[in-house]
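Asks: can you look at this prediction? I've put the sequence above it.
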Amino acid sequence: MKSLSSALQAHLDEGTTTLSWCWRITRADGAVFGFTDHDRTVAFDGTEFEPESGLTASEVRAGSDLAVDAQEAQGVLSSDRITETDILDGRWDNAEVELWRVNWADTSQRVLIRRGAIGQIRRGRLAFVAEMRSQAHVLGQTVGRMFQATCDAELGDARCRINLDASAFKGTGAVIDLLRDRAFTASGLGGFAAGWFAFGTVTWTSGVNAGRRAEVLSHDLVDGIAILTLLEAPVRPIAEGDAFVIRAGCDKRIATCHAKFANVANFRGFPHIPGQDAVLRYATRDGAHDGAVL
């Protein structure tokens with residue numbers, strides 16, 4: 001139940017209102033944006049809510065259970081602060097959203113209707129549709145550790161303790177030739193074994209993708225020339241000569257942790273936990289099935 005100020009309640013009781021919707025969006029990088037469906041800029045709490053975006057909202061889908069409530073906001077890419085490239089780069093993913101009902105004639109009369117986060121974004125050439133999820137979506141996130149055979153730490157984090165800036169796990173190179181939109185040959189990596197950078201990351205240091213990071217799907221070596229395939233094609237096309245820094249990857253298995261990183265002491269999985277094959281094992285008199293791993 002929402003609590004309205006006496007001034008806002010009095011305004012609503014008048015019958016003729018001057019109300020507008022205002023969205024305040026705070027991205028993960030700290031940038032704050034304000035949008036409104038009013039035809040003029042609305043300002044309060046240090047945020048200016050611009051009307052040029054053409055942002056409109058759908059009805060709120062809500063229930064009495066713990067399911068995630070959802071609402072959609074549709075907007076035209078007319079704001080200089082919303083670019084298709086930023087959407088593709090994921091800069092708007094999981095941004096915090098506040099939805100306000102505001103008297104644009106007196107912005108002190110306002111109420112916070114809901115708070116949530118941006119979920120899936122569908123985009124077209126001239127418009128986008130952003131899903132606004134309620135705070136109930138946080139309840140669906142994993143908290144704590146999971147019992148699984150593979151490691152649940154991120155390679156190089158405080159739990160893993162591997163130094164990814166060590167020369168054994170870090171390389172520098174440049175694009176020689178583009179094979180596909182996400183695959184290319186690279187110089188400077190001939191000293192590393194094939195597969196060494198699979199599941200690792202590439203950080204671009206020059207070109208139109210400079211400063212952005214991408215995940216590596218595979219790393220092959222043919223006649224001393226590295227062939228890298230990214231998990232996804234970058235938003236901006238890769239070009240010959242683009243330089244990058246690449247860091248090793250891990251498939252989260254204890255065998256890899258031992259052979260590649262010599263870091264079993266910090267392995268954060270449970271490799272000896274019984275798997276699904278334990279349900280299928282059974283013993284017979286002929287000795288063909290002795291209960292060993294299938």
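Replies: Nice, thanks for sending it over.

Asks: from now on I want contacts and neighbour counts done on CA atoms only, so please keep to that.
Replies: OK.

Asks: quickly list the domain ranges of the protein.
Replies: The chain breaks down into these structural domains: 6-140, 170-247 (assignment by automatic domain parsing).

Asks: average model confidence for the last one?
Replies: By that I understand domain 170-247. What domain 170-247 shows for mean pLDDT is 94.

Asks: what is the end-to-end distance of it?
Replies: 5 Å (CA to CA, to the nearest Å).

Asks: helix, strand or coil for residue 121?
Replies: Recorded secondary structure, residue 121: strand (DSSP: H, G, I helix; E, B strand; the rest coil).

Asks: follow-up on the earlier one: okay, the domains of the chain, which one's buried deepest?
Replies: domain 170-247 (a mean of 18; mean count of other CA atoms under 10 Å).

Asks: ok, back up a step: mind checking the domains of the chain for the one nearest to residue 163?
Replies: When the domains of the chain are compared by CA to CA, domain 170-247 sits nearest residue 163, at 9.4 Å.

Asks: distance from the chain centre to the closest one, please.
Replies: Put simply, domain 170-247 sits 21 Å off its chain's centre (CA atoms, centre = their mean, to the nearest Å).

Asks: then stretch 254-273?
Replies: With CA atoms, centre = their mean, you get 27 Å for stretch 254-273.

Asks: quick one: mean pLDDT for that stretch?
Replies: On average, stretch 254-273 scores 93.

Asks: what sits up against that stretch?
Replies: When contacts are defined by CA atoms under 8 Å, 6 or more residues apart in numbering, stretch 254-273 is touched by residues 147-153, 159-162, 250, 253.

Asks: okay, now it: how far is its last residue from its first?
Replies: Start-to-end span of stretch 254-273 (CA to CA) is 13 Å.

Asks: flag every buried residue along that stretch.
Replies: Neighbour counts over stretch 254-273 (16 or more other CA atoms under 10 Å) mark 254, 257, 261, 267-271 as buried.

Asks: in what helix or strand does residue 157 lie?
Replies: Take DSSP states H and E as the rule and residue 157 turns out to sit in neither a helix nor a strand.

Asks: okay, now it: neighbour count?
Replies: Here the count is done by other CA atoms under 10 Å, and residue 157 has 11 residues near it.

Asks: ok, so what distance separates it from residue 164?
Replies: From residue 157 to residue 164 the distance is 9 Å (CA to CA).

Asks: over to residue 35?
Replies: Residue 35 is 41 Å from residue 164, by CA to CA.

Asks: longest helix anywhere in this protein?
Replies: What stands out as the longest helix in the chain, according to DSSP state H, is helix 6-13.

Asks: elements contacting that one?
Replies: If contacts are counted by 3 or more CA pairs under 8 Å, 6 or more residues apart in numbering; DSSP states H and E, helix 6-13 sits against no helix or strand.

Asks: check which element follows it along the chain.
Replies: Per DSSP H and E, helix 6-13 leads on to strand 19-26 as the next helix or strand towards the C-terminus.

Asks: could I get the full set of strands for the stretch 101-250 of the chain?
Replies: With DSSP state E, counting those that start in this stretch applied, the stretch 101-250 of the chain shows strands at 110-123, 127-134, 170-180, 183-187, 201-204, 213-222, 225-230, 243-247, listed in chain order.

Asks: let's have the ones you listed in CSV, adding distance to residue 83.
Replies: Below are the strands of the stretch 101-250 of the chain laid out as CSV (distance: least, CA to CA, whole Å):
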stretch, distance to residue 83
strand 110-123, 11
strand 127-134, 10
strand 170-180, 25
strand 183-187, 26
strand 201-204, 21
strand 213-222, 19
strand 225-230, 23
strand 243-247, 25
